[in-house]
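**Student:** quick one: sequence plus predicted model below, questions after.
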Amino acid sequence: DREILALAGKNTRRVDLARRRVLPGFNDAHAHPWLGGVAQLKNVACDKNSIDEILAALRARAAKTPPGHWVQGYLYDDGKTPRPLTRADLDAAVPDHPVIVTHRGGHTGYVNSLALTEAGVTAATPDPPGGRFERGADGQLNGRVADKAMDAVLDKIPDELTRGDHRRGIALISKLYASYGVTSACEADATPDGLQGYQDARDAGELLYRAYCLMDVAYLDRYIAAGLHTGFGDSMVRIGGIKQFADGSISERTAWLAEPYIGIANYSGVERGTRESLYENSRKAWLAGFQLATHANGERAIDRALGVYEQLSREAPRRDPRFRLEHCTVVTPELIARIRAVGAIPIPFAGYVNFHGDVMHFYGDERTQRMFAYRSFIDAGFRPPTASDYTASPPAPMLWLYSMTTRRDPTGHVWGETQRITLPEAVRSATLDGAYASFEEHDKGTIEQGKLADLVVLEEDPFAVPAEHWLDIKVERTMLGGQWVYES
């Protein structure tokens, strides 16, 4: 302390942390804060456990919505309501506006009849490749639309967002992230509008975390024409990899599994990217200097993504590829061996066992021994970071640490106890390993000379109190680049 205090000048602010635990700033290595922030500006929050409360909130918004305009909800979680929302629910609550309520995981939506009409969808409409219009026992559409089927509905909603909306959404979520001690995040599917929003928020002094932006593959030709590739940017906003999808969601039961879901007959999830499209886009991006990042949850999707990575490694080897497998949830020993051989990085969900424990029964005790496989990954020599996939789960590092080390859901049930890791391992995943996944491990992720001064001060020390108390630990202060950006 004396050595540090000797460096202080007359204008130096002195803060006594009273022996609080100080850690490197946390890193959310896969999340959607930009879209989450924009949704918070415009949409109805449906993170409620009562369907009646959700419908009342939608009804209130509809009363203030001009005729013909959409009513949109977000943050809904069908694992936390007594039953899922239905088309009949939404028709009764909002009969005069098209409605879509998106699941907080981002892969499914719940729509009313007017929304289906706007999208030109009837009971005779076939499921699109990579999507599903869900039907009830009577064969009629029940209002749940998944993956590419949801995209068919979203495509009918006019984009009325302004450049300022994108900046404001990021500024809004910046405050949330700072309050959790998260100083870096991988924005997992940015468009040019989203990237502009990040740059605007940075320039306005409103960006309070460092953003590594995986870029939406739909705009790949524009990036290449502009000469962009992985690494462009600065310490606050940097271009990351190219993002593609091989399957759907764990929390929404659309991941492409090797075996059917428990309790859903003859259904193993949704196959999104074809082998041909994934390879074609990956090769183009790879040769242009991009890192590759493929969303792959189920075994079949992981197998497909690895096949593409293996082929590119043979055709155009790169010294340090750091292929990313976004989520990489359900694995086998054979898949882990292939991940190691190709030099890929699994990016697992850190808090899902706890936060989404209410849907783990669709996977079962045996399969969850191979899900969110931090123990297997670390034992194989990988450096798996932590990811919330916000808005799919909260960007809450104490939740991550608890879930990774205990594997307990809120009822106390343990899912996949063989994948538990230690607290020091979990902290490393939540800090340094996130930096490694974005080629930034020499700049951040540890507290040492020469690295960025991104720190978090906790009110209590998780190393000194039982795990049962970790979910109650609050952040006292967050520092970004030597400046306090949050003080409780």
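**Tutor:** Yep, it's here. Numbers count the residues shown, from 1 in each chain.

**Student:** mind checking the SS state of the residue at minimal distance from the centre of the chain?
**Tutor:** Compute the mean C-alpha point of the chain, and by Cα atoms, centre = their mean the closest residue is Asp389, 1.5 Å away. For Asp389, the secondary structure call by DSSP: H, G, I helix; E, B strand; the rest coil comes out as coil.

**Student:** what of Phe377?
**Tutor:** The three-state label given to Phe377 by three-state DSSP is helix.

**Student:** assign a three-state SS to the closest residue to Leu23 other than its chain neighbours, would you?
**Tutor:** Ranked by Cβ to Cβ, 6 or more residues apart in numbering and with sequence neighbours excluded, the top spatial neighbour of Leu23 is Val456, at 5.3 Å. Placement of C-beta: from N, CA and C, glycine included. Assigned by three-state DSSP, the conformation of Val456 is strand.

**Student:** give me the beta-bridge partners of Val456?
**Tutor:** Leu23, Thr478 (DSSP bridges).

**Student:** contact partners for it?
**Tutor:** Under the criterion of Cβ atoms under 8 Å, 6 or more residues apart in numbering, the contact list for Val456 reads Val22, Leu23, Pro24, Gly25, Phe26, Gly181, Thr183, Pro397, Val475, Arg477, Thr478, Met479.

**Student:** just Val330 next, same as before
**Tutor:** Ala255, Leu257, Ala258, Asn297, Gly298, Glu299, Ile302, Tyr363, Arg367, Arg370, Met371.

**Student:** present the contacts of Val456 as CSV; the columns should include pLDDT.
**Tutor:** Shown next, in CSV, are the contacts of Val456 (pLDDT from 0 to 100):
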residue, pLDDT
Val22, 98
Leu23, 98
Pro24, 98
Gly25, 98
Phe26, 99
Gly181, 98
Thr183, 99
Pro397, 98
Val475, 98
Arg477, 98
Thr478, 98
Met479, 98
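
**Student:** need these in JSON lines with distance to Leu141, can you?
**Tutor:** What follows is these, written out as JSON lines (distance: Cβ to Cβ, whole Å):
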{"residue": "Val22", "distance to Leu141": "54"}
{"residue": "Leu23", "distance to Leu141": "49"}
{"residue": "Pro24", "distance to Leu141": "49"}
{"residue": "Gly25", "distance to Leu141": "46"}
{"residue": "Phe26", "distance to Leu141": "42"}
{"residue": "Gly181", "distance to Leu141": "44"}
{"residue": "Thr183", "distance to Leu141": "44"}
{"residue": "Pro397", "distance to Leu141": "40"}
{"residue": "Val475", "distance to Leu141": "44"}
{"residue": "Arg477", "distance to Leu141": "51"}
{"residue": "Thr478", "distance to Leu141": "46"}
{"residue": "Met479", "distance to Leu141": "51"}
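
**Student:** reformat the residues you listed as JSON lines; add neighbour count and distance to Thr117.
**Tutor:** Compiled in JSON lines, the contacts of Val456 are given as follows (neighbours: other Cβ atoms under 10 Å; distance: Cβ to Cβ, whole Å):
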{"residue": "Val22", "neighbour count": "15", "distance to Thr117": "56"}
{"residue": "Leu23", "neighbour count": "19", "distance to Thr117": "52"}
{"residue": "Pro24", "neighbour count": "26", "distance to Thr117": "52"}
{"residue": "Gly25", "neighbour count": "30", "distance to Thr117": "48"}
{"residue": "Phe26", "neighbour count": "31", "distance to Thr117": "45"}
{"residue": "Gly181", "neighbour count": "27", "distance to Thr117": "46"}
{"residue": "Thr183", "neighbour count": "28", "distance to Thr117": "46"}
{"residue": "Pro397", "neighbour count": "30", "distance to Thr117": "44"}
{"residue": "Val475", "neighbour count": "21", "distance to Thr117": "47"}
{"residue": "Arg477", "neighbour count": "20", "distance to Thr117": "52"}
{"residue": "Thr478", "neighbour count": "26", "distance to Thr117": "47"}
{"residue": "Met479", "neighbour count": "22", "distance to Thr117": "52"}
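
**Student:** list just the nearest of the residues you listed to Ala92.
**Tutor:** Nearest to Ala92 out of the contacts of Val456 is Pro397 (Cβ to Cβ; 40.4 Å).

**Student:** surely the closest one and Pro385 touch.
**Tutor:** No. Using Cβ atoms under 8 Å, Pro397 is not in contact with Pro385; the gap is 11.7 Å.

**Student:** overlap in contacts, those two.
**Tutor:** The contact sets of Pro397 and Pro385 overlap at Ala430 (Cβ under 8 Å, 6+ apart).

**Student:** Gln449: how many residues sit nearby?
**Tutor:** Residue neighbour count, defined by other Cβ atoms under 10 Å, stands at 4 for Gln449.

**Student:** could you pull out the strands in the stretch 351-488 of the chain for me?
**Tutor:** When assigned using DSSP state E, counting those that start in this stretch, the strands of the stretch 351-488 of the chain occupy the ranges 455-458, 475-480, 483-487.

**Student:** dump the ones you listed to TSV, plus distance to Asp78.
**Tutor:** Below are the strands of the stretch 351-488 of the chain laid out as TSV (distance: least, Cβ to Cβ, whole Å):
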stretch	distance to Asp78
strand 455-458	33
strand 475-480	30
strand 483-487	33
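
**Student:** to Arg314, which of these lies closest?
**Tutor:** Between Arg314 and the strands of the stretch 351-488 of the chain, the shortest gap by Cβ to Cβ is with strand 475-480, which sits at 41.5 Å.

**Student:** summarise which helices and strands the closest one is packed against.
**Tutor:** Judged by 3 or more Cβ pairs under 8 Å, 6 or more residues apart in numbering; DSSP states H and E, strand 475-480 is in contact with helix 163-179, strand 182-190, strand 455-458, strand 483-487.

**Student:** now the ones you listed in JSON lines, with distance to Ile347?
**Tutor:** Putting the helices and strands packed on strand 475-480 into JSON lines (distance: least, Cβ to Cβ, whole Å) gives the following:
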{"stretch": "helix 163-179", "distance to Ile347": "18"}
{"stretch": "strand 182-190", "distance to Ile347": "8"}
{"stretch": "strand 455-458", "distance to Ile347": "21"}
{"stretch": "strand 483-487", "distance to Ile347": "25"}
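
**Student:** quick one, which of these is packed in tightest?
**Tutor:** The highest mean neighbour count among the helices and strands packed on strand 475-480 belongs to strand 182-190 (a mean of 28), with neighbours defined as mean count of other Cβ atoms under 10 Å.

**Student:** in PDB, list the C-alpha atoms belonging to it.
**Tutor:** The C-alpha coordinates for strand 182-190 follow below in PDB (Å, rounded to 0.1, in the frame of the first residue of the first chain):
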ATOM      1  CA  VAL A 182     -19.000  -6.800 -16.400                       C
ATOM      2  CA  THR A 183     -16.400  -4.700 -18.200                       C
ATOM      3  CA  SER A 184     -16.200  -6.700 -21.400                       C
ATOM      4  CA  ALA A 185     -18.800  -8.400 -23.600                       C
ATOM      5  CA  CYS A 186     -18.900 -10.200 -26.900                       C
ATOM      6  CA  GLU A 187     -21.800  -8.700 -28.900                       C
ATOM      7  CA  ALA A 188     -22.900 -11.900 -30.500                       C
ATOM      8  CA  ASP A 189     -24.700 -10.900 -33.700                       C
ATOM      9  CA  ALA A 190     -24.100  -7.200 -34.700                       C
END
